[in-house]
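Participant: starting from these lines, generate the structure:
(chains A and B)
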Amino acid sequence: MKSPEEALAAARSRAAGAGGPAGPPLPEDPTAAAKRLARWAIIEPDEAAVYSTRRFGGPITAFKRVLIRLLRQYFVQVNAQQSRFNADVAAHVMRLEERVGELERRTGADEPGPGEDRASR
Amino acid sequence: MRVTQVLCAAGPVDAVTNQALAWRGLFDRWGWDGADFAATLAPDMRRAAIRPLRELQPADGEIVLIHYSGFARDLERVLDGSARTVLVSHNVTPPDYFWPYEPVEGVRCTLGREQLAQLAACADTLAGVSEYNARELGEATGREVAVIPVLFDRTGLGPVRDAAFGPPTILFVGRLAPHKRQDLVIRAFGEYRRWREDAELVLVGTPLSPSFGSQLRRLAAEVAPGAVTFETSLSASRLAERYRDADVFLCLSEHEGFCIPLLEAFHFGVPVIARDAGAVREVVGNAGVLLEAKDGVATIAELLDVVVEDQELRAELRARGEWRLEAYDYESTAERLRRTLEGRGA
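Facilitator: Numbers count the residues shown, from 1 in each chain, chains lettered A, B, ... in the order given. Prediction:
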């Protein structure tokens, strides 16, 4: 075989009848977005993620973590405020999704079949 | 001349960062001064090479060159000074790819596309790193957009491979992300492995998120157990080894603003099979096998077999790849960049 075009034609002919074009990316549960939103709503910052990227940054890391502990009362308040907002947004989105689902179901049920119009029913 | 480069984000294995550093090397060679800044710096990025954007103070008479690759807060302020501005689009991925997997990235891409249009309206000169990017930016702004291709320096890549040994190895290099379609690469490879049980697949790239990386690993364990290797943050020499060990470079991305790994595959003499999407056709030319959207997993698997086994075809693709690299000759690209920055057109 001499050319890319010949190679592709040969591969297509060998694969003929062995399935259609490629499907969508990794399949996702349609409710996954709402579930993820709910999972992320309550924020829990990880103290281990507080560190220094400088060389010999050990003491700086320790200082930052002590600072976080000293300000814990303030951080708890901020986290609670943010989590409350997040949870409300997540709940609101899930309620909207349920209503949209319900409307779609109703619309689908009321949809006239082929050759049938609403007035004749 | 003084040129200040501004990046949306900088990291040690980021293609746009490496491009900006390569351009800085050229500016130094031409005797131009200036410094480089980024809105977001990865923790492991050398601060001496690229500084935080907040330290930027635009000065009169300089050129501010923005490498646009994604949303960055306060980027607009760099256009406020009296400096001449050049906006280079490296493309922003359509957000739809990210909603089901990483909504934050989807938001960033949405904001990024809007911000790119806003910046483009104010910048003095517009450019894209491919015809595809330039066309997209031109359509969005109605303005003329120059093309400055990616500066591709082969000298640091090392020697090409001599001969194939061992089992067939399929390679793809690129961030593990939905639009790169590594899931499809894995499925096609799983199909190919039905008649080449010893075949291996190597996927090099940082995952979009830990959960997306895990999803791909699960798929690989399901369709080709033990035959898929995931690698990330490879040094230049280790990456070169992966190319030298590969028999085919398989790129099934649905969106690419350029795709430097295609040129790297040409350099290392690895035959390329790629999906005709985004800027891929423009980069590959007739030096690889281009798939259409209608080609399914079975066709891709058959094609892998054809390209691995047919030595005459492999030699032809290697020769065409070598020829294709002439279009990305380092000195010609450098000259285009210089002409654009000096306002003499690309």
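Participant: for the chain, what spans make up the strands?
Facilitator: You didn't say which chain, so I picked chain A. Applying DSSP state E to chain A gives no strands.
Participant: not quite, go with chain B.
Facilitator: According to DSSP E, the strands that chain B contains are B:3-10, B:36-41, B:51-52, B:63-68, B:84-89, B:125-128, B:146-147, B:169-173, B:200-204, B:228-231, B:248-251, B:272-275, B:289-291.
Participant: which elements pack onto the third one?
Facilitator: It stands for strand B:51-52. In terms of contacts (3 or more C-beta pairs under 8 Å, 6 or more residues apart in numbering or on different chains; DSSP states H and E), strand B:51-52 is packed against strand B:36-41. The way it works is simple: take the backbone N, C-alpha and C, and place the C-beta from them, glycine included.
Participant: just want the angle from the strand it packs on to strand B:3-10.
Facilitator: Strand B:36-41 runs at 20 degrees relative to strand B:3-10, counting by axes from the mean of the first three to the mean of the last three C-alpha atoms, to 10 degrees.
Participant: in strand B:36-41, what counts as buried?
Facilitator: Using 16 or more other C-beta atoms under 10 Å in any protein chain shown as the test for burial, strand B:36-41 gives B:36, B:37, B:38, B:39, B:41.
Participant: and of the residues you listed, the nearest to chain A?
Facilitator: residue B:41 (9.6 Å; C-beta to the nearest C-beta).
Participant: beta partners for that closest one?
Facilitator: Beta bridges link residue B:41 to residue B:10, judged by DSSP bridges.
Participant: pLDDT weak spots in the stretch 1-150 of chain B?
Facilitator: For the stretch 1-150 of chain B, the stretches with pLDDT under 70 are B:82.
Participant: quick check: residues of it near chain A?
Facilitator: Residues of the stretch 1-150 of chain B lying near chain A by C-beta under 8 Å from any C-beta of the partner chain: B:43, B:44, B:97, B:99, B:100, B:101, B:103.
Participant: from the residues you listed, list just the buried residues.
Facilitator: B:97, B:99, B:100, B:101.
Participant: residue contacts, residue B:323?
Facilitator: residue B:287 (C-beta atoms under 8 Å, 6 or more residues apart in numbering or on different chains).
Participant: roughly how far apart are it and residue B:317?
Facilitator: Noted for residue B:323: a distance of 11 Å to residue B:317, by C-beta to C-beta, to the nearest Å.
Participant: before we move on, what about residue B:158?
Facilitator: 20 Å.
Participant: with neighbour numbers in mind, choose between those two.
Facilitator: residue B:317 (27 against 15; other C-beta atoms under 10 Å in any protein chain shown).
Participant: picking that back up, ok, so of the residues of the stretch 1-150 of chain B next to chain A, who is nearest residue B:272?
Facilitator: residue B:97 (22.6 Å; C-beta to C-beta).
Participant: intersection of neighbour lists for residue B:323 and residue B:317?
Facilitator: Contacts common to residue B:323 and residue B:317, judged by C-beta under 8 Å, 6+ apart, are residue B:287.
Participant: in the stretch 51-200 of chain B, what residue comes closest to chain A?
Facilitator: Closest point on the stretch 51-200 of chain B to chain A, by C-beta to the nearest C-beta, is residue B:100, at 4.1 Å.
Participant: you'd agree that residue is up against residue A:34?
Facilitator: No - checked against C-beta atoms under 8 Å, the pair residue B:100 and residue A:34 is beyond contact range at 11.6 Å.
Participant: quick one, what contacts residue B:22?
Facilitator: B:151, B:153 are the contacts of residue B:22 under C-beta under 8 Å, 6+ apart.
Participant: give the residue farthest from the middle of chain B.
Facilitator: residue B:60 (33.0 Å; C-alpha atoms, centre = their mean).
Participant: and it, what are its phi and psi?
Facilitator: phi -60, psi 140 (degrees, to the nearest 10).
Participant: now swap in residue B:174 and tell me
Facilitator: Given degrees, to the nearest 10, the pair of backbone angles that residue B:174 has is phi 160, psi 150.
Participant: from residue B:62, how far off is it?
Facilitator: 34 Å.
Participant: comparing these two, which shows the higher neighbour count?
Facilitator: residue B:174 (22 against 19).
Participant: okay, now residue B:93: neighbour count?
Facilitator: 26.
Participant: what about chain A, any weak spots by pLDDT?
Facilitator: A:1, A:17-31, A:109-121.
Participant: can we see that at 50?
Facilitator: A:113-121 (pLDDT under 50).
Participant: re the thing from before, ok, the buried residues of strand B:36-41 vs residue B:285, which is closest?
Facilitator: residue B:36 (31.8 Å).
Participant: that closest one reaches residue B:5, doesn't it?
Facilitator: Yes - Residue B:36 is within contact range of residue B:5, at 4.4 Å (criterion: C-beta under 8 Å).
Participant: joint contacts of the two?
Facilitator: B:20, B:24.
Participant: mind listing what the nearest residue to residue B:13 once chain neighbours are set aside touches?
Facilitator: Sequence neighbours aside, residue B:233 is the residue nearest to residue B:13 in space, at 5.8 Å (criterion: C-beta to C-beta, 6 or more residues apart in numbering or on different chains). With contacts defined as C-beta under 8 Å, 6+ apart, the neighbours of residue B:233 are B:12, B:13, B:206.
Participant: and residue A:48, how far is that from chain B?
Facilitator: Distance of residue A:48 to chain B, computed by C-beta to the nearest C-beta, to the nearest Å: 14 Å.
Participant: so what's the residue count around that residue?
Facilitator: Residues near residue A:48, counting by other C-beta under 10 Å: 7.
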